Structures are given as structure tokens and as C-alpha cells.
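S.K.: Starting from these lines, generate the structure:
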Amino acid sequence: MLKAEVCAILSGLQMATVKGWSHVLVESDSLLAVRKVTGSINKKDPLYPLLLRCQQLISSFEMCHVSHIFREANFCAEAGWALSNDAPAGQIEVPPADLMPFIQKDILGVARPRALGM
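M.R.: Predicted structure coming up:
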């Protein structure tokens, strides 16, 4: 699971590079992935090549901020995951219409209540 989260961050950074963006905000609901990507890397870490590439890309932007957000505050990721079962794998240029209401909620900063296990 951690590898998938790091690969998702790397994919986003690569897309931002291709698009020529200079200011990038990366949000992930995986705190461990954020810590791995932004922290010091152990060369013995099995994810070392991916983490190194992430850090290289992060340093290539004029401004790049990588931060953790709670899953409940990330409507797009939740909805995208739910919709991904019906879509081919890969990157998309234009979000599916079904995802637009969730993107609007993320832009507005709308969050769902956090479910706490008892």
C-alpha cells in the first residue's frame, strides 16, 4: 500500500513537470508516504529509487509543498477511488463529470466528519 501511495505522489510530480508548473501543492492522506517523501532516505529502503526521484522532482520546482490531509478532507481521492473500478488505469487530462462535485467540495474546503473507531 505504501508503494502505491508513493507512486501516486511521484506520478503527480511527473505530471506537474510535464505541464511546466512551477508551484505545486501535493496532498496525500498517507502520512507515512508524506514523511517518506519529505524526510531523509535510507539507501536500504526498498522504496529508495522512488523516494529519491520524488525528492529530485520536488527540488526542481520553484515552490513545492507536500502535506498530509485526512482522508475525510479529500473528497476527490475518495470519489476517484470509488469511480476507478469502472475506469481504465492511467492519468486523465479532464476529470470525469462524476468527479466535479467532489472537486468543488475540495476547493471549498468542505470536510466530512471524521469517523472514530471505538
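
S.K.: now the helices: where do they sit in the chain?
M.R.: 2-19, 31-38, 48-60, 75-84, 100-108 (DSSP state H).

S.K.: Name the stretch among these that sits most buried.
M.R.: helix 31-38 (a mean of 18; mean count of other Cβ atoms under 10 Å). Every residue, glycine included, has its C-beta placed from N, CA and C.

S.K.: which secondary structure elements does that helix contact?
M.R.: Contact partners of helix 31-38 among helices and strands, from 3 or more Cβ pairs under 8 Å, 6 or more residues apart in numbering; DSSP states H and E: helix 2-19, helix 48-60, strand 63-68.

S.K.: So for Pro101, which of those sits nearest?
M.R.: Pro101 sits nearest to helix 2-19 of all the helices and strands packed on helix 31-38, at 21.4 Å, using Cβ to Cβ.

S.K.: Just the C-alphas of that closest one, formatted as PDB.
M.R.: Once non-C-alpha atoms are left out, helix 2-19 reads as follows in PDB (Å, rounded to 0.1, in the frame of the first residue of the first chain):
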ATOM      1  CA  LEU A   2       2.800   2.400   0.800                       C
ATOM      2  CA  LYS A   3       4.400   1.800  -2.500                       C
ATOM      3  CA  ALA A   4       1.100   2.700  -4.300                       C
ATOM      4  CA  GLU A   5       0.900   6.000  -2.300                       C
ATOM      5  CA  VAL A   6       4.500   7.000  -3.100                       C
ATOM      6  CA  CYS A   7       3.900   6.000  -6.800                       C
ATOM      7  CA  ALA A   8       0.800   8.300  -6.800                       C
ATOM      8  CA  ILE A   9       2.800  11.200  -5.400                       C
ATOM      9  CA  LEU A  10       5.600  10.500  -8.000                       C
ATOM     10  CA  SER A  11       3.000  10.400 -10.800                       C
ATOM     11  CA  GLY A  12       1.600  13.700  -9.800                       C
ATOM     12  CA  LEU A  13       5.000  15.300  -9.600                       C
ATOM     13  CA  GLN A  14       5.900  13.900 -13.000                       C
ATOM     14  CA  MET A  15       2.600  15.300 -14.400                       C
ATOM     15  CA  ALA A  16       3.300  18.700 -12.900                       C
ATOM     16  CA  THR A  17       6.800  18.700 -14.500                       C
ATOM     17  CA  VAL A  18       5.400  17.800 -17.900                       C
ATOM     18  CA  LYS A  19       2.800  20.500 -17.600                       C
END
